[in-house]
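Undergrad: Sequence plus the predicted model coming up.
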Amino acid sequence: MVGINSPKSIDSGNETIIDKISKEAQELYFTNDSVIFVKKMISLSILLSTNDPPLTTAIQTIDEKVQDPTYFIATYFDTKDLDQALWVYRIVRLLARYILLFDRYFEIGNNIDALLAKRVRRSINECLLNRHDNHHLSYSLDYSLKQFWTFWKFEQFIKHQIVGGHIFSYNEIRYFNLFKSSDASLIYARVLDAKLPSFSENVSLVLHYNQGLLDILDDWEDIEEDVQEDMPNLFVMAALKNIPYSRIKNTRNENIRSILLNEPGSSSASVVRLVSDYQSSIRNIFIPNNLSFLKSLSDHYTNTLLGIISSSMNSQ
């Protein structure tokens, strides 16, 4: 059995949950089957969320998009330190809340989201101050968060291009997706860089590609909502080469996916190419054995996306 360092301080009410998290993490470490691994990740995610519940309904809505335990698993696998892994999970979750709240603020302009994001930022600072070894990480994250602000300006630019009927090349679509998913390598990976003995920039690159795949999946789930709000969506951007945006915009919600995937010049070919390019790139990146599960997740995300697209095309 792999030895671990237990959390230094545990509230009595959370002790049972922490024990379950520890057990799930150790079982996950010895799981080689990728399907079982993903199922155990879901169970672990539920336990981690229970251990660190949101304080408000608004945050709970945001948390539905930030329940990925990848960074917890990476930390645990590389350090066998449960306390460290729980801390990494908490700080990455706070950072993701901050990013997603400002995402929503720039999408709909609700000042409450901006205020909540600033409150989360204070929690991030407090979380960093509570550990003596985080001075470098604090400065690094401050710099990274400022860098990411340029994405939201770029997203608004892309929004205006879509409404204006711009035709996006494959490279433009790829660039947008990689820019959108750069929070993984620019922000969250900095936490692993500060805490993991085996971390390298190759790990950061795989995390970036994985986030790109997850963002494509999010775009798939949000197609109708994004069209209603004129927000950038990869499937819409890829279709504009042959389908005018005005036609997509005026199509009934239940028919939008059919137009995007099944008509001549649909978006499916470009998106499939992008997903396959990411998978090919990831396979050629070397990362330490302790973190090789990240490449298994890449294959899982790729197969999920390709399966969804194929199934949707065949069902129309």
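TA: Right, received. Where do you want to start?
Undergrad: gap between Leu207 and Trp220?
TA: Computed with CB to CB, to the nearest Å, the distance linking Leu207 and Trp220 is 20 Å. Where C-beta positions appear, they are placed from N, C-alpha and C, glycine not excepted.
Undergrad: Can you tell me the closest non-neighbouring residue to Phe179?
TA: Phe151 (5.6 Å; CB to CB, 6 or more residues apart in numbering).
Undergrad: Could you double-check that the one you found lies in contact with Ser181?
TA: No - contact criterion CB atoms under 8 Å: Phe151 and Ser181 do not qualify, at 9.7 Å.
Undergrad: More neighbours: which of those two?
TA: Between Phe151 and Ser181, Ser181 has the larger neighbour count (other CB atoms under 10 Å), namely 23 against 20.
Undergrad: In contact with the more buried one, which residues?
TA: By CB atoms under 8 Å, 6 or more residues apart in numbering, Ser181 lies in contact with His208, Tyr209, Gln211, Gly212, Leu214, Asp215.
Undergrad: try it again with 7 Å
TA: Applying CB atoms under 7 Å, 6 or more residues apart in numbering, we find Ser181 in contact with His208, Gln211, Gly212, Asp215.
Undergrad: between these, which is nearest Leu44?
TA: Gln211 (18.9 Å; CB to CB).
Undergrad: how about stretch 113-126 as CSV, C-alpha atoms only?
TA: Extracted in CSV, the C-alpha atoms of stretch 113-126 (Å, rounded to 0.1, in the frame of the first residue of the first chain):
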residue,chain,number,x,y,z
ASP,A,113,-20.5,38.1,-11.2
ALA,A,114,-17.6,40.6,-11.1
LEU,A,115,-18.2,41.2,-7.4
LEU,A,116,-18.3,37.5,-6.7
ALA,A,117,-15.0,37.1,-8.7
LYS,A,118,-13.3,39.7,-6.6
ARG,A,119,-14.5,38.0,-3.4
VAL,A,120,-13.1,34.7,-4.8
ARG,A,121,-9.8,36.5,-5.5
ARG,A,122,-9.6,37.5,-1.8
SER,A,123,-10.1,33.8,-0.9
ILE,A,124,-7.3,32.9,-3.3
ASN,A,125,-5.0,35.4,-1.5
GLU,A,126,-6.0,34.0,1.9
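Undergrad: thinking again about what came up before, could you check how far the residue nearest to Phe179 is from Tyr175?
TA: 11 Å.
Undergrad: And for Ser182?
TA: Counting by CB to CB - Ser182 and Tyr175 are separated by 10 Å.
Undergrad: the more surrounded of the two?
TA: Comparing Ser182 with Tyr175 by other CB under 10 Å, the one with more neighbours is Ser182, at 19 against 14.
Undergrad: Packing partners of the one helix or strand Val272 maps to?
TA: Val272 is part of helix 268-283 when elements are defined by DSSP states H and E. Applying 3 or more CB pairs under 7 Å, 6 or more residues apart in numbering; DSSP states H and E, one finds that helix 268-283 contacts helix 170-180, helix 201-221, helix 234-239, helix 293-315.
Undergrad: Ok, which of the ones you listed comes nearest Ser49?
TA: Nearest to Ser49, of the helices and strands packed on helix 268-283 and by CB to CB, is helix 201-221 at 17.2 Å.
Undergrad: Now do the same for that closest one: mean pLDDT, whole number.
TA: Taken as a whole, helix 201-221 has a mean pLDDT of 96.
Undergrad: Can you show me the CA trace of that helix as CSV?
TA: Taking C-alpha atoms only, helix 201-221 is exported to CSV below (Å, rounded to 0.1, in the frame of the first residue of the first chain):
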residue,chain,number,x,y,z
GLU,A,201,6.5,22.1,-19.1
ASN,A,202,5.5,19.0,-21.0
VAL,A,203,3.0,18.3,-18.3
SER,A,204,1.7,21.9,-18.7
LEU,A,205,1.4,21.3,-22.5
VAL,A,206,-0.7,18.1,-22.0
LEU,A,207,-2.9,19.9,-19.5
HIS,A,208,-3.4,22.7,-22.1
TYR,A,209,-4.4,20.3,-24.8
ASN,A,210,-6.7,18.4,-22.4
GLN,A,211,-8.4,21.7,-21.5
GLY,A,212,-8.8,22.4,-25.2
LEU,A,213,-10.6,19.1,-25.6
LEU,A,214,-12.9,19.8,-22.6
ASP,A,215,-13.6,23.3,-24.0
ILE,A,216,-14.7,21.8,-27.3
LEU,A,217,-17.0,19.5,-25.3
ASP,A,218,-18.4,22.5,-23.5
ASP,A,219,-19.0,24.2,-26.8
TRP,A,220,-20.9,21.2,-28.0
GLU,A,221,-23.2,21.3,-24.9
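Undergrad: what sits up against it?
TA: Outside helix 201-221, the residues touching it (CB under 7 Å, 6+ apart) are 177-178, 180-182, 184-185, 189, 192, 233-235, 271, 275, 278, 281-282, 285-287, 291, 294-295, 297-298, 301-302, 304-305, 308.
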